[in-house]
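Trainee: Sequence and predicted structure, then a few things I'm wondering about:
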Amino acid sequence: MPIYEFRCDSCAARFEALVDAGTDSTPCRACGEVAARVLSAPAAPMSLVKGGGEKRRQERRNAQLRERARADFKAARRRAPGPRGR
Ligand SMILES: [Zn+2]
């Protein structure tokens, strides 16, 4: 069962409740009136929210990894020269 956030129209209380999936309203915990489900947009995952600095760091890291992979590939080819090594 999912946890949804509800807001009471009568007393403006906000609370989370474990209810059946798709439930739109539940009795308010404070006053017993009908509390409507708050439809909040899901937050973007933190991995997708990167500042410019973080993005540049990641780019540099990727460049280093590419460089290393290329060096490894060359070293492997030197160790085992095949018909493609020409
Ligand atoms: Zn209420």
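Mentor: Noted; the coordinates are in hand.

Trainee: So what are the structural domains in the protein, by residue number?
Mentor: By the record's domain assignment, the chain is partitioned as 3-37, 49-79 (automatic domain parsing).

Trainee: distance between the ends of the first one?
Mentor: Terminal residues of domain 3-37 lie 10 Å apart, using CA to CA, to the nearest Å.

Trainee: likewise stretch 11-26?
Mentor: Start and end residues of stretch 11-26 are separated by 14 Å (CA to CA).

Trainee: List the buried residues in that stretch.
Mentor: Within stretch 11-26, the residues that count as buried by 16 or more other CB atoms under 10 Å are 17, 19, 26. Backbone N, C-alpha and C define where each C-beta goes, glycine included.

Trainee: check whether stretch 2-10 contacts the ion.
Mentor: Yes - Stretch 2-10 is in contact with the ion by CB under 5 Å from the ion, via 8, 10.

Trainee: before we move on, back to that, what about the buried residues of stretch 11-26, which are in strands?
Mentor: 17, 26 (DSSP state E).

Trainee: want to throw the buried residues of stretch 11-26 into TSV with pLDDT and distance to residue 58?
Mentor: Below are the buried residues of stretch 11-26 laid out as TSV (pLDDT from 0 to 100; distance: CB to CB, whole Å):
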residue	pLDDT	distance to residue 58
17	94	39
19	94	40
26	95	43
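
Trainee: that older thread, pick out the shakiest of the domains of the chain, pLDDT-wise.
Mentor: Across these, domain 49-79 has the smallest mean pLDDT, namely a mean of 87.

Trainee: Kindly indicate which of the buried residues of stretch 11-26 lies nearest residue 80.
Mentor: residue 19 (62.6 Å; CB to CB).
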